[in-house]
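A.B. asks: When you get a sec, could you give me coordinates for this:
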Amino acid sequence: MAPQIPSRWHLKGTVTLACNCDYGCPCNFNARPTQGHCEGEWTWHVAEGRYADTPLDGLHFTSCLLRLQVKRTSALRPFRSGVGPPC
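C.D. replies: From the prediction side, this is the model:
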């Protein structure tokens, strides 16, 4: 089976987030979570967006995370806009 080529995507908009860490969320700076585990919520409003041929303009979505054990330096992995899924 041939490897699949990731679909192209683009998002431009606003994100609101909250988590259980101290102010400044150390996860955003590649540090361990304040409480040793990660509880967070991210809500996005997509002003402009597209996934392959599918328009995403005006979309709202929320992602919630509960990670009880963080075994690496950062609780969250960064992602590159435009190639493949965000995680």
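A.B. asks: now residue 60, nearest residue through space, not along the chain?
C.D. replies: Counting by Cβ to Cβ, 6 or more residues apart in numbering, residue 60 lies nearest to residue 45, which is 5.4 Å off, once chain neighbours are set aside. (Glycine included, C-beta is placed from N, CA and C.)
A.B. asks: Give me the distance from the host helix or strand of the one you found to the chain's centre.
C.D. replies: Using DSSP states H and E, residue 45 sits in strand 38-51. Taking Cα atoms, centre = their mean, to the nearest Å, one finds strand 38-51 lying 7 Å from the centre of the chain it belongs to.
A.B. asks: C-terminal to that strand, what's the next element?
C.D. replies: strand 54-55.
A.B. asks: Residues in contact with that following strand: which ones?
C.D. replies: Contact with strand 54-55 is made by residue 49, as judged by Cβ atoms under 8 Å, 6 or more residues apart in numbering.
A.B. asks: With only the CA atoms kept, save the helix or strand following that strand in CSV.
C.D. replies: For strand 54-55, the succeeding helix or strand toward the C-terminus, using DSSP H and E, is strand 60-67. C-alpha atoms of strand 60-67 as CSV (Å, rounded to 0.1, in the frame of the first residue of the first chain):
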residue,chain,number,x,y,z
HIS,A,60,-16.3,26.9,16.2
PHE,A,61,-14.9,23.9,18.0
THR,A,62,-13.6,22.9,21.4
SER,A,63,-11.0,20.5,22.5
CYS,A,64,-10.6,19.2,26.1
LEU,A,65,-7.6,17.4,27.5
LEU,A,66,-7.1,15.4,30.7
ARG,A,67,-3.6,13.9,30.9
